[in-house]
Every structure is written in C-alpha cells, then in structure tokens.
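Enquirer: sequence-free structure coming up:
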C-alpha cells in the first residue's frame, strides 16, 4: 500500500471540498482550485477528512494513488496558505523594477525585459534584485518562477543571472593564465 496515498487528509476550518465524480473542487479563503482525478482512483470525504483509495494493486493504480493524494493536499495548502517562490537577480548592472502588476528586468540585453504575470500569480519586487512569485496553485507558481529564471540562467563562471532564492550555482574555474 502506498505510504503517502493511504494517509487521510484533514480538512482545515474554512475549507470546503466537493467531489463530483472525477472532479474534486477545493474552496478556501484564498480562492478555489479544481482537480480531475485519474480513472482507477476514488476520492471520498468522510468525517472532515479526504480519503483516497485505489481498487487494485496494478502498477498504474499504485503510481496514481500517492500522486492524487499529494495533489489534493497541495490544493488544500494553496487555498489556505498559498505558495511563494523567491528569485534573486545577481550581476553588475542587473536589476528588476515593479511596473504596475508586471515587472521589468535589466539583464544585460540591449532592451529591458517586461514580464506580465500569468492568471492567478502575483509578482512583487523587494529592493532592486529580489522577486517573489506567489499564488495558490503550486504548479503555476513553480512554472512562472522557472519561466522568469529562463530569461537569463545563472552562468557558471561569474554566477550572473536570475536564480532561485538560496540556489547554489556550481562555479567553474576560468582559463588558466600563462
């Protein structure tokens, strides 16, 4: 039995979960998220807990069991606390500015790069080199942060670029002089 999948999920106060066939809707103080459950997995709400079960021990059922439970748990955490991902801009002359809801990067290109946040995502700037990506959907927050980092990845010689907060960039030795 899946160690993660068999654990019931406690429903916190202020969160309502409705299961309609294959659709699971989670509504909380920060918003609403929905999830489509894959076919062999069953989801039920029993006495203030969400229980995820699988009908058999087939390989596909086992792999989807823990995944489904984790996705539902991520949705519950998202609508109660939300998710944030920090980014740092490192490099001489590299900076970021808030322009309304979007942000503008100066990353050594011939032009500034303007990023508009996707739906459900909030971008905030602290100082001139820190960006916080926040929202209720864990996958959307991670993808938005990855897309911002993709503009100018940290390079291995000087470490310049956009990196995740706390990311350790492996450095290479440069050319050895004569």
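Expert: Thanks, I have it. Quick caveat, the model's predicted, so the values are computed rather than measured.

Enquirer: Give me the buried stretch members for the lengthiest helix in the chain, please.
Expert: Assignment by DSSP state H gives helix 59-80 as the longest helix of the chain. Neighbour-count burial for helix 59-80 flags 61-62, 64-80 (criterion: 16 or more other C-beta atoms under 10 Å). (Each C-beta comes from the backbone N, C-alpha and C, glycine too.)

Enquirer: Which neighbouring elements make contact with it?
Expert: For helix 59-80, the elements it packs on are strand 9-10, strand 23-28, strand 31-36, strand 49-53, helix 138-149, judged by 3 or more C-beta pairs under 8 Å, 6 or more residues apart in numbering; DSSP states H and E.

Enquirer: redo that, cut-off 6 Å
Expert: strand 23-28, strand 31-36, strand 49-53 (3 or more C-beta pairs under 6 Å, 6 or more residues apart in numbering; DSSP states H and E).

Enquirer: Now do that helix against helix 138-149, angle only.
Expert: In terms of direction (axes from the mean of the first three to the mean of the last three C-alpha atoms, to 10 degrees), helix 59-80 departs from helix 138-149 by 80 degrees.

Enquirer: how about the closest residue to residue 174 other than its chain neighbours, secondary structure?
Expert: Nearest non-adjacent residue to residue 174, counting by C-beta to C-beta, 6 or more residues apart in numbering: residue 157, 5.7 Å away. For residue 157, the secondary structure call by DSSP: H, G, I helix; E, B strand; the rest coil comes out as coil.

Enquirer: distance of residue 157 from residue 175?
Expert: According to C-beta to C-beta, to the nearest Å, residue 157 and residue 175 sit 10 Å apart.

Enquirer: residues touching residue 12, list them.
Expert: By C-beta atoms under 6 Å, 6 or more residues apart in numbering, residue 12 lies in contact with residue 80.

Enquirer: re earlier: right, and the helices and strands packed on helix 59-80 - which one's nearest residue 162?
Expert: strand 31-36 (27.2 Å; C-beta to C-beta).

Enquirer: between residue 157 and residue 175, who's got more neighbours?
Expert: Taking neighbours as other C-beta atoms under 10 Å, residue 157 and residue 175 compare with residue 157 leading, 10 against 6.
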